[in-house]
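> sequence and computational prediction follow.
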Amino acid sequence: MMKFIVKSAAIAAVVVASSSAMAVEKLKIGISSEAYPPFSSQNATNQWEGFEIDLLAALCKEMKVECKIVSTAWDGIIPALKAKKIDAIFSSMSITADRSKVIDFSDKYYNTPAEIIGKKDAPAISTVANPDGKGGKIANPADLKGKIIGVQTATIHADYANAYLKDATIKIYDTTDNHNADLVAGRVDYALEDSIVADEFLKTPAAKDLGVKLIVPNDPIFGTGVGVGIRKGDKLKDRFNDAIKAVRASGEYDAIAKRYFTFNVYGD
């Protein structure tokens, strides 16, 4: 479904310099240190690559700034932004009401659903539509009673599991890779994560006995898509918004997306 393209070192490093002789503004961009393909990861030569890396390069070029990636632990990435160790977060962070209380966000730059994966022979999980026709809920959360569900800390997926899957045991992990490893090993029954990341993992040999159990219906907990995290009141938000609009209007966004996806990753 997706193609992971190794970009040139110049693009993968996301260093975009102005052609003028004037001093170039520099921004430090926080990206989670864990591999999160096909959005961001480091290859064998430690070059960053993925959809977000290519898109970030295009946005930085549009803003005429030099962007340096600062690898940051996920659970410390908002504190790093607030402490001015980085200037922005560009790391698949969903725009949610709770996060918007402490940081600002740009407009979204992609939006994908959540997914629950488990053993192929595990029972599928059913849903029921909301009366208003907007998304739905898991039909019978009690079906998951006694099951162990792995989620990554400080994510919308952990928030959703804690809110709606109270009959299950929610096990928190520092990274998606670690809860997926425990799913393969049988130490958890299901994992709840982004559908694109899950589907990428399901292609690997380690996941040969796993499959999709549920595409989770839309819910306010999941927010309104993924955006650039910015400090409260920072005008960098407007600059990222303008750049996102420009690369979408020029067709560059679609060209980048087609390297990795066969569907509309931007959403409605």
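That came through fine.
> number of nearby residues for Asp242?
Close neighbours of Asp242, defined as other CB atoms under 10 Å, add up to 15. Just so you know, the C-beta spots here come from the backbone N, C-alpha and C atoms, and that holds for glycine as well.
> where does pLDDT dip in the stretch 101-250 of the chain?
Counting by pLDDT under 70, the stretch 101-250 of the chain has low-confidence residues at 129-136.
> any chance you could map the strands in it?
For the stretch 101-250 of the chain, the strands defined by DSSP state E, counting those that start in this stretch occupy 104-110, 114-119, 127-129, 136-138, 148-152, 169-173, 190-194, 210-216, 226-230.
> out of those, which gets nearest to Gly30?
Of all the strands of the stretch 101-250 of the chain, it is strand 226-230 that lies closest to Gly30, at 7.8 Å by CB to CB.
> residue contacts, Lys237?
Asp104, Phe105, Ser106, Val228, Ile230 (CB atoms under 8 Å, 6 or more residues apart in numbering).
> so what's the closest residue in space to it that isn't next to it in sequence up against?
Nearest residue to Lys237, sequence neighbours excluded (CB to CB, 6 or more residues apart in numbering): Ile230, at 4.4 Å. When contacts are counted by CB under 8 Å, 6+ apart, Ile230 touches Leu81, Ala88, Ile89, Ile103, Asp104, Phe105, Ser106, Leu236, Lys237, Phe240.
> ok, these vs Ala35, which is closest?
Using CB to CB, the contacts of Ile230 come closest to Ala35 at Ile89, 17.1 Å.
> isn't the closest one up against Leu27?
No - if you go by CB atoms under 8 Å, Ile89 and Leu27 don't touch, sitting 11.5 Å apart.
> how near is the nearest residue to Gln42 once chain neighbours are set aside to Pro37?
For Gln42, ignoring the flanking residues on the chain, the nearest one in space by CB to CB, 6+ apart is Trp48 at 5.7 Å. For Trp48, the distance to Pro37 equals 11 Å [CB to CB, to the nearest Å].
> neighbour-wise, which of those two wins?
Trp48 (22 against 16).
> phi, psi for that one please.
phi -70, psi 140 (degrees, to the nearest 10).
> quick one: it from Ala257, how far?
Trp48 sits 18 Å away from Ala257, going by CB to CB.
> quick one: residues contacting Arg231.
Residues near Arg231 by CB under 8 Å, 6+ apart: Leu81, Lys82, Lys84, Ile103, Asp104.
> please tell me how far Lys235 sits from Met63.
Look at Lys235 and Met63: by CB to CB, they are 12 Å apart.
> who has more neighbours, these two?
Comparing Lys235 with Met63 by other CB under 10 Å, the one with more neighbours is Met63, at 18 against 8.
> measure that one to Leu27 for me?
According to CB to CB, Met63 and Leu27 sit 8 Å apart.
> returning to that earlier point: out of the contacts of Ile230, which are inside helices?
Judged by DSSP state H, the contacts of Ile230 include Leu81, Leu236, Lys237, Phe240 as members of helices.
> in CSV, list those residues along with distance to Tyr190.
CSV is the format used below for the ones in helices among the contacts of Ile230 (distance: CB to CB, whole Å):
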residue, distance to Tyr190
Leu81, 31
Leu236, 38
Lys237, 36
Phe240, 35
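> surely Pro79 forms part of a strand?
No - applying DSSP: H, G, I helix; E, B strand; the rest coil, one finds Pro79 to be helix, outside a strand.
> which residues does it contact?
Pro79 neighbours (CB under 8 Å, 6+ apart): none.
> roughly how far does it sit from Ile196?
27 Å.
> where do the domain boundaries of this structure fall?
9-111+224-257, 114-222 (automatic domain parsing).
> of all those domains, which one is nearest Val265?
Closest among the domains of the chain, using CB to CB: domain 9-111+224-257, at 4.8 Å.
> any chance you could map the helices in the stretch 1-150 of the chain?
Remark: helices assigned in the stretch 1-150 of the chain by DSSP state H, counting those that start in this stretch are 9-12, 51-63, 77-82.
> tabulate those helices (CSV), appending distance to Asp167 and mean pLDDT.
Supplementary listing: the helices of the stretch 1-150 of the chain in CSV, determined by distance: least, CB to CB, whole Å; pLDDT from 0 to 100:
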stretch, distance to Asp167, mean pLDDT
helix 9-12, 44, 45
helix 51-63, 35, 98
helix 77-82, 30, 98
